[in-house]
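A.B. asks: sequence below, structure please.
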Amino acid sequence: MPARIDHTITSGTFSLDGQTHQVDNNVWVLGDDTECVVIDAPHDTGAIQKLVADRQVRAILATHAHDDHVRAAPELAKALNAPVWLHPDDLVLWHMTHPQHVPDAALADDQQINIADTTLQVLHTPGHAPGAVCLHVPELGAVFTGDTLFAGGPGATGRSYSDSDVIISSISTRLLTLPEHTTVHPGHGDTTTIRTEKPNIDEWKKHSS
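C.D. replies: Presented below is the predicted three-dimensional model:
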């Protein structure tokens, strides 16, 4: 049974550095009718459980640990009996939201995760957050970019634990080197493609230099 990508949007808040904003977050589920992984766990466990339906969830994969991406993770993990995986460089952010919990497993650069006869490759892409990762699925021509790359350019870097030079390096070396037809599924907003975003990143570099 071929793997597919399912999607929903949940709404809530993002808080860091004493500021709080209303945000809409994408939730992506990769799998087939039997098993899947959930990519990010923002805001609303009920909406995510509805998207998963009766499939076995092999893991909840956090693209990074800002509170709007992991706030529901422990509750969702308990409800689905699924482990939460996070890159260890983001534990400092994770513990701001969940001081009494720890993720169940660590994501690592170039790690391979098999699900529903397809494979996710973990790409460590720091900049928006120190442990930010993207998840590349070559067989589906897709990459899940969290808040590293959006339609229109890079993720924000004006907050604690972020770095504009580092995010541009991550995008340039780990994402723009993917096949140009690759569909970009971000943590917020619309999907795009690597081909579409290359000139946007070039333009961003000109204005930031």
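A.B. asks: show me where the protein has strands.
C.D. replies: 4-16, 19-31, 35-39, 56-61, 84-86, 105-106, 112-115, 118-124, 133-137, 142-146, 149-150, 153-154, 183-186, 192-193 (DSSP state E).
A.B. asks: contact partners of the longest helix anywhere in the chain?
C.D. replies: Scanning the chain for the helix with the most residues, using DSSP state H, yields helix 194-208. Outside helix 194-208, the residues that touch it by CB atoms under 8 Å, 6 or more residues apart in numbering are 143, 149, 151-154, 164, 168, 171-172, 175-176, 178-182, 184. Just so you know, the C-beta spots here come from the backbone N, C-alpha and C atoms, and that holds for glycine as well.
A.B. asks: quick one, that helix and strand 142-146 angle?
C.D. replies: Helix 194-208 runs at 40 degrees relative to strand 142-146, counting by axes from the mean of the first three to the mean of the last three CA atoms, to 10 degrees.
A.B. asks: and the lowest-mean-pLDDT helix or strand in the chain, how far out from the chain's middle?
C.D. replies: Sorting the helices and strands of the chain by mean pLDDT, DSSP states H and E puts helix 194-208 at the bottom, at a mean of 90. The chain centroid and the centroid of helix 194-208 are separated by 21 Å under CA atoms, centre = their mean, to the nearest Å.
A.B. asks: could you list the buried residues of it?
C.D. replies: Residues of helix 194-208 classed as buried by neighbour count (16 or more other CB atoms under 10 Å): Ile194, Glu197, Asn200, Ile201, Trp204.
A.B. asks: now these in a markdown table, with distance to Arg4?
C.D. replies: Below are the buried residues of helix 194-208 laid out as a markdown table (distance: CB to CB, whole Å):
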| residue | distance to Arg4 |
| --- | --- |
| Ile194 | 21 |
| Glu197 | 23 |
| Asn200 | 28 |
| Ile201 | 29 |
| Trp204 | 32 |
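A.B. asks: from Val122, how far off is the nearest residue to His124 once chain neighbours are set aside?
C.D. replies: Computed as CB to CB, 6 or more residues apart in numbering, the closest residue to His124 that is not its neighbour in sequence is Asp109, at 3.8 Å. Asp109 sits at a distance of 6 Å from Val122 (criterion: CB to CB, to the nearest Å).
A.B. asks: who touches both of those two?
C.D. replies: Counting by CB under 8 Å, 6+ apart, the residues touching both Asp109 and Val122 are Val133.
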